[in-house]
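# sequence and predicted structure are below.
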Amino acid sequence: MAEIRFENVSKIYQQKVKAVKDINLSINDKEFVVLVGPSGCGKSTILRMIAGLEEISEGKLYIDNKLVNNLPPKDRDIAIVFQNYALYPHMTAYENLAFGLKIKRMDKKSIQARVMRAARILEIEELLDRKPRAMSGGQNQRVAIGRAIVRDPRAFLFDEPLSNLDANLRVQMRIEIAKLHKRLNATVVYVTHDQVEAMTLGERIVIIDKGEIQQIDTPSNLYANPANLFVAGFIGTPPMNFIHGKVIQANDGILFTDNSQKFKVNLPSNHLLMKYIEKEVVLGIRSEDIYYQAGESKNEFAVLSSEIKFVEKLGHEIYAYLQLQDQQIISRLKYDAEIMKGRVTDFYFDIRKMYFFDKYTGANLQME
C-alpha cells in the first residue's frame, strides 16, 4: 500500500486564487483519513493532486517517499472513486469492472479472477450482467468502487462517493466502505462535506477551511478538543453554541458576561481567563451540556432563564431552542423532558464543559 506526504503544498489558479495553502500532511500506510470541510474549501483539490489530476503549484508531494509532482496519473498506481459513478452506460457491470484491466492488456483469465473477487467482496455477483440504468444508485456505486478494487492499487481515493444517495442508503454504504477498508487493509483518503460521515469513517480527520488545514486529529479528540471556533462549530450535531461576551474582574474571582448582562458565569481567580480581564472572548458549550434540571450541584452551573422559542421532538431526544439577545442557543435533552414552547424556563450550563475562544483569532484558549 502507500504512505502519502504533503510538504508545503499549494494550488494557485491563473486568477492568482490560492485554493490550497501550504498543506503539510502525512497519511500513513493502510490508514483511513477523511478530508472534510464546507463546499469550496479545497478538499477535492487536495485529493485530485494526489491522483495527479491537478498540478501542484508549490511544494512537494511524495508517495512512498517518491516525489510525484511530475508523475502522470497512470504511473501513480492510485484508484479514485467519483461522486457521479462515471460508469459506461452501454456496458454491463462486468464490462465496467473489466474495462481498465483490458486497457492494460491483462489476460482474460486474470481479468475474470479480479472481477469476480471484487464482485464477491461487494456482493454484486448477481448484478454483473446488468447495465447501469438497470441498477439502483447504491448498486452503481458498488460497481464504481469495484472498478477501483480490481486494479489492486496502492491507495484508494474517494471524492464524495455517497452524495447522490438517499439518507438510509448513505448509512448502509458507510458501513460497507468501513468494512471494505478492513478487508483490503488499504490506504484510503476520503473526501466529504458531511461531518457525520467523517466522524463515523475516519481513523483521523483533516478539517479544512478556505484552503487551510484547521486541525488534524481522531474523531473523539476533535470533538473534545477543537483547536478553534471553526472546528468547534463544524464538528457536532447540533453545532456547538457560542456566546459572545467579556471577561471582568469580580470580588472572589472573574466573571464572563454576555453583552446584554443576562448571562453571567462566575469563575475562580485561577481560571485561564484571568489574563483576559477586560477582553472580549467567545464562550462555547455543546447542546448536551445544557440541562433544564441541575440536580444538587447547582454551584457547578451557570443559569439562563429564557423563553423556549421552539421545541423539536426527534423521538429519542428533544432539541429546545432558546434565545439570548441575537444568539440562538440549543439544548439537547432526553426524550422525556417536560418542556413546552413559549414557557420561560431555567436552563443550566455545565461550567466544567465550557470552552473559551479568542474573539479575533478563533483559537481555543485552553489549548494555548
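In hand now; what should we look at? Residues are numbered from 1 along each chain as shown.
# where do the helices of the stretch 101-250 of the chain begin and end?
Remark: helices assigned in the stretch 101-250 of the chain by DSSP state H, counting those that start in this stretch are 108-122, 137-149, 167-184, 195-201, 219-224, 229-234.
# just give me the lowest mean pLDDT stretch among these.
If you rank the helices of the stretch 101-250 of the chain by mean pLDDT, helix 167-184 sits at the bottom with a mean of 88.
# what packs against it?
Helix 167-184 makes packing contacts with helix 108-122, helix 137-149, helix 195-201 when contacts are defined by 3 or more CB pairs under 8 Å, 6 or more residues apart in numbering; DSSP states H and E. For every residue, glycine as well, the C-beta is placed using N, CA and C.
# let's go with 10 Å and repeat that
The helices and strands touching helix 167-184, judged by 3 or more CB pairs under 10 Å, 6 or more residues apart in numbering; DSSP states H and E, are strand 32-36, helix 108-122, helix 137-149, strand 155-159, strand 187-192, helix 195-201.
# about what we covered before: of the helices of the stretch 101-250 of the chain, which is nearest residue 257?
Distances from residue 257 to each of those were compared using CB to CB; the minimum, 19.3 Å, belongs to helix 229-234.
# check the burial of the nearest residue to residue 316 once chain neighbours are set aside by counting its neighbours.
Spatial nearest neighbour of residue 316, chain neighbours left out: residue 335 (5.5 Å); criterion: CB to CB, 6 or more residues apart in numbering. Neighbouring residues of residue 335 were enumerated by other CB atoms under 10 Å; the total is 10.
# if we can go back for a sec, residue 212 is nearest to which of the helices of the stretch 101-250 of the chain?
Each of the helices of the stretch 101-250 of the chain has some distance to residue 212 by CB to CB; the shortest is helix 229-234, at 9.8 Å.
# how far off centre is that closest one?
Averaging C-alpha coordinates over helix 229-234 and over its chain gives two centres that are 11 Å apart (CA atoms, centre = their mean, to the nearest Å).
# quick one: distance of stretch 197-217 to the chain centre.
Per CA atoms, centre = their mean, the displacement of stretch 197-217 from the mean C-alpha position of its chain is 5 Å.
# ok, back up a step: distance of the residue nearest to residue 316 from residue 317?
Taking CB to CB, to the nearest Å as the criterion, residue 335 is separated from residue 317 by 6 Å.
# for residue 259, which of the helices of the stretch 101-250 of the chain is the nearest?
Among the helices of the stretch 101-250 of the chain, helix 229-234 comes nearest to residue 259, with 17.2 Å by CB to CB.
# poorly predicted segments of this structure, please.
Within the chain, the segments meeting pLDDT under 70 span 1, 294-299.
# okay, now the domains of it?
Dividing the chain into domains by automatic domain parsing, as the record does, gives the ranges 4-234, 241-367.
# measure the shortest one end to end?
The one in question is domain 241-367. The first and final residues of domain 241-367 sit 19 Å from each other (CA to CA, to the nearest Å).
# one more: the first one?
Between the opening and closing residues of domain 4-234 lies a distance of 26 Å (CA to CA).
# tabulate the helices of the stretch 101-250 of the chain (CSV), appending mean neighbour count and distance to residue 361.
Output for those, formatted as CSV (neighbours: other CB atoms under 10 Å; distance: least, CB to CB, whole Å):
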stretch, mean neighbour count, distance to residue 361
helix 108-122, 16, 46
helix 137-149, 22, 41
helix 167-184, 15, 34
helix 195-201, 20, 22
helix 219-224, 16, 19
helix 229-234, 21, 9
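# OK, contacts around the residue of the chain positioned farthest from its centre?
With distances taken as CA atoms, centre = their mean, the residue sitting farthest from the centre of the chain turns out to be residue 251, at 43.0 Å. Under the criterion of CB atoms under 10 Å, 6 or more residues apart in numbering, the neighbours of residue 251 are 266, 269.
# how much space between residue 323 and residue 287?
Shown here: residue 323 relative to residue 287, a distance of 15 Å by CB to CB.
# can you check residue 119 too?
Between residue 119 and residue 287 the distance, using CB to CB, works out to 44 Å.
# ok, back up a step: which of the helices of the stretch 101-250 of the chain sits closest to residue 18?
Residue 18 lies closest, by CB to CB, to one member of those: helix 229-234, at 17.8 Å.
# show residues contacting the closest one.
Applying CB under 10 Å, 6+ apart, the set of residues contacting helix 229-234 is 36-38, 193, 195, 198, 205, 207-210, 212, 214-215, 217, 222-223, 225-226, 228, 239-242, 282, 284-286, 355, 357-359, 361-364.
# could you flag which of these are buried?
Restricting the contacts of helix 229-234 to buried positions leaves 36-37, 193, 195, 198, 205, 207-209, 212, 214-215, 217, 222-223, 226, 228, 240-242, 282, 284-286, 355, 357-359, 362, 364, with burial counted as 16 or more other CB atoms under 10 Å.
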